[in-house]
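Enquirer: Task: produce atomic coordinates for the following.
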Amino acid sequence: MRQSAVVGVLLCACMAGAETRLAGGQILNIRVSPAMAREPAVVTIVAMVEPDERNRVLEFKVESAGYETASRMQLDGLNARRMWETQLRDVPHGTYEVTATVIGAQGPRATASRVMVIMP
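Expert: This next block holds a predicted model:
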């Protein structure tokens, strides 16, 4: 499958799986900037998390065929801030799925995903 077809399929899948409740009850939303860049890229991921007593952890994952990284941030329930940001440096070329997940005591509460493409 050509890279443009893969990107299109991933975009559709990510948009279908992303939960949208911040504006009217949404739990999680993410923004990836830039969505397309040249390597070695510097990428910023911003997550907006609706404070909730059940929120315990915010997890970021960035995955492609040849690269993977993850990080976790502790959430303080209702007292947690809304905006969380992480930055990746020197990201090599590839098509990436960027996922943020809010995890509560009973497991995942919300997941949002985006696709980014880093060109050689």
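Enquirer: so where do the helices sit in the chain?
Expert: 3-17 (DSSP state H).
Enquirer: Relative to A80, how far out is the residue nearest the centre of the chain?
Expert: Central residue check for the chain by CA atoms, centre = their mean: the C-alpha nearest the mean position is that of T99, 3.2 Å away. As judged by CB to CB, to the nearest Å, T99 and A80 stand 19 Å apart. No exception for glycine: its C-beta is placed from N, CA and C like everyone else's.
Enquirer: and if you look at M36?
Expert: 31 Å.
Enquirer: Tell me where the chain is predicted with low confidence.
Expert: Along the chain, the model assigns pLDDT under 70 to residues 1-25.
Enquirer: So which residues of it form strands?
Expert: For the chain, applying DSSP state E gives strands covering 28-33, 36-38, 41-49, 55-63, 68-74, 83-91, 94-104, 107-119.
Enquirer: Go through those and pick out the most buried.
Expert: When these are scored by mean count of other CB atoms under 10 Å, the highest mean neighbour count falls to strand 94-104 (a mean of 21).
Enquirer: Please state the offset of it from the chain centre?
Expert: 4 Å (CA atoms, centre = their mean, to the nearest Å).
Enquirer: what's in contact with that strand?
Expert: Residues outside strand 94-104 that contact it (CB atoms under 8 Å, 6 or more residues apart in numbering) are 3, 6-7, 10, 14, 27-28, 30, 32, 43, 45, 47, 49, 52, 54-67, 75, 108-118.
Enquirer: let's go with 6 Å and repeat that
Expert: Strand 94-104 has contacts (CB atoms under 6 Å, 6 or more residues apart in numbering) with 6-7, 27-28, 30, 32, 45, 47, 49, 54-64, 66-67, 108-114, 116-118.
Enquirer: ok, now stretch 27-37?
Expert: Applying CB under 6 Å, 6+ apart, the contact partners of stretch 27-37 are 19, 21-22, 44-50, 98, 100, 102, 110, 112, 114, 116-118.
Enquirer: Start and end of it, how far apart?
Expert: End-to-end distance for stretch 27-37, by CA to CA, to the nearest Å: 29 Å.
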